[in-house]
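J.: build me a model:
(one chain, ligands or ions: 3)
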Amino acid sequence: MNLKDLFLDELADIHFAENHIAKALPKMAKAATDEDLKEAILSHLEETKGHIEKVKQVFATFDEKPKSKECKATLGLLAEGDEIAADNKGEPTINAAIISACQKVEHYEIASYGSLSAWAQLLGNDEAVNLLEEILGEEKAADEKLTGLAEDKNQEALEDEGADGEEAEARKPAAGQNKKK
Ligand code: FE
Ligand code: FE
Ligand code: ZN
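T.: Numbers count the residues shown, from 1 in each chain. Ligands and ions are numbered 1, 2, ... in the order given. Prediction:
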């Protein structure tokens, strides 16, 4: 195993992962009840289809045929996503739960593309670096968009908790509570 072998193995892993993520995202969008969240997931689905194509192009820059290698981590994260969506179905927590599951997938992708980009750089393949950085940028932007949506959706999950909302009101952080003095 040299760095190039490691790189190609990990590229095959993320190629498998992206294909499975593309299959799972429509289910996640369907499970979400919030329109903005559904839209965010579906727009990332379109980006994900682009990632699959770009990953194939990266193989080509190394004169390699696209390969796929089972990514157990992604299968596990997606299985957990299904479980969390089922457990929170019909609950005020559904959107917060789905955001959390999606962000776990994004973070795995961000870690993978970060390593792949660094390795492609060391291997002297600038074309591959550019493609991998393009994907990485979209994964990071998707993650940030989810963080933005979470602000509202987490609050909704909290506010729907008590029947009269008093309990939830009491647990809201007081203004300025988290500000460092
Ligand atoms: Fe992706
Ligand atoms: Fe993996
Ligand atoms: Zn992604």
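
J.: in the protein, what residue comes closest to ligand 2?
T.: residue 71 (3.3 Å; CB to the ion). Where you see a C-beta, it was placed from the backbone N, CA and C, and this is true even at glycine.

J.: contact partners for the closest residue to that residue other than its chain neighbours?
T.: Excluding the flanking residues, the one nearest residue 71 by CB to CB, 6 or more residues apart in numbering is residue 17, at 4.3 Å. Residue 17 sits next to 71, 73-74, 108-109, 112 when contact means CB atoms under 8 Å, 6 or more residues apart in numbering.

J.: the nearest residue to residue 25 once chain neighbours are set aside: helix or strand, and which one exactly?
T.: Take residue 25 and drop its neighbours on the chain: the residue closest to it by CB to CB, 6+ apart is residue 45, 4.2 Å away. Using DSSP states H and E, the element containing residue 45 is helix 35-61.

J.: right, is that helix up against ligand 1?
T.: Yes. Residues of helix 35-61 contacting ligand 1 under CB under 5 Å from the ion: 48, 51.

J.: buried residues in the helix or strand following that helix?
T.: Sequence order places helix 72-87 as the next helix or strand after helix 35-61, per DSSP H and E. By neighbour count on 16 or more other CB atoms under 10 Å, the buried set for helix 72-87 is 74, 77-78, 81, 84-85.

J.: just give me how far the longest helix anywhere in the chain sits from the chain centre.
T.: Secondary structure of the chain per DSSP state H: the longest helix is helix 126-159. With CA atoms, centre = their mean, to the nearest Å as the basis, helix 126-159 stands 7 Å off its chain's centre.

J.: buried residues of it, list them for me.
T.: 128-129, 131-133, 135-136, 138-139, 142-143, 145-146, 149-150, 153, 156-158.

J.: output those of these also counted as contacts of ligand 2.
T.: Of those, not one also sits near ligand 2 (CB under 5 Å from the ion).
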